[in-house]
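Trainee: Could you work out the structure for the sequence below:
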Amino acid sequence: MDSSLLMLYISRLRLQLNDSVVQKALKSIEKNIPLSHILAEVLLYNYLKSKDYRFVSIEETVGYMKCDVYAEEDGNSVCIEVETLGIPSEYVLEGLEYLVARHVKKIVYAAKSGIHIVSFAYPFGAIPLIPIEFLKEPEDRDKENLVKLFNIVRKYYPLDLEDLSFLKQCTVGDVYIYDIASMKVVSLTKEKALNLVNFYLSFFYEDSYKD
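Mentor: As a prediction, this is how the structure comes out:
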């Protein structure tokens, strides 16, 4: 069933069946990756191809990082992570803290892998809960806040102490909002994403996740 829906979606996107990404997407189904995640990768792949990136692929391993969508243009590498904000049952009581840790872990791994830009993509209706510190330019990030974020990550993932340095130098790119049904992708600048996240969090949190 999932394979049939994937092929139908590929047809709607007018992708060629001999496209290597089609084969990667089919293999992802065999690995029991959720169909919604695979369709999001294919949709983002199609979107980036329309922007004339020199190279675009999905499920691409680069160093320490397995990028959901990977692209290269003008000497810059871009890794886009599809983030549906799902929380495993063992971390459900941690909520936002776990989501913060997962985002930051991916940023660290991308920077360690030499990837120039890491971006996140969210389904339409979801709030892009990127830690606010990373919606700032690297030189504007507060060192104390980065240390706090790093310590949060180490509660869930085995990062080395020297990995902290990557949080200061990594570049986070535009935020992508996608809608599988309409096959539409919208790119938000970091400034717009920052306003959106600040507005949303202001209803719930008054802690270190905010400025």
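Trainee: Verify the stated contact: V21 with L43.
Mentor: No. With contacts counted by C-beta atoms under 8 Å, V21 stays clear of L43, the gap being 11.1 Å. To be clear about C-beta, it is placed using only N, CA and C from the backbone, and glycine gets the same treatment.
Trainee: Same drill for the two, tell me which one is more crowded.
Mentor: Neighbour totals were compared for V21 and L43, and L43 leads with 24 against 21 (other C-beta atoms under 10 Å).
Trainee: Settle this for me: that one is touching V185, isn't it.
Mentor: Yes. If you go by C-beta under 8 Å, L43 and V185 touch, sitting 6.3 Å apart.
Trainee: For those two, list the residues in contact with both.
Mentor: Listed as contacting both L43 and V185 by C-beta atoms under 8 Å, 6 or more residues apart in numbering are Y178.
Trainee: For stretch 70-89, which residues meet the burial criterion?
Mentor: Neighbour-count burial for stretch 70-89, counted by 16 or more other C-beta atoms under 10 Å, picks out Y70, A71, E72, E73, S77, V78, C79, I80, E81, V82, E83.
Trainee: same check, this time on stretch 27-35
Mentor: S28, I29, I33, L35.
Trainee: mind listing what L17 touches?
Mentor: L17 neighbours (C-beta under 8 Å, 6+ apart): I10.
Trainee: From I115, how far off is the residue lying closest to H116 once chain neighbours are set aside?
Mentor: Spatial nearest neighbour of H116, excluding adjacent residues (C-beta to C-beta, 6 or more residues apart in numbering): N76 at 4.5 Å. Taking C-beta to C-beta, to the nearest Å as the measure, N76 and I115 are separated by 9 Å.
Trainee: Next secondary structure element downstream of the helix or strand containing L99?
Mentor: Assessed by DSSP states H and E, L99 sits inside helix 96-112. Sequence-wise, the next helix or strand downstream of helix 96-112 (DSSP H and E) is strand 117-123.
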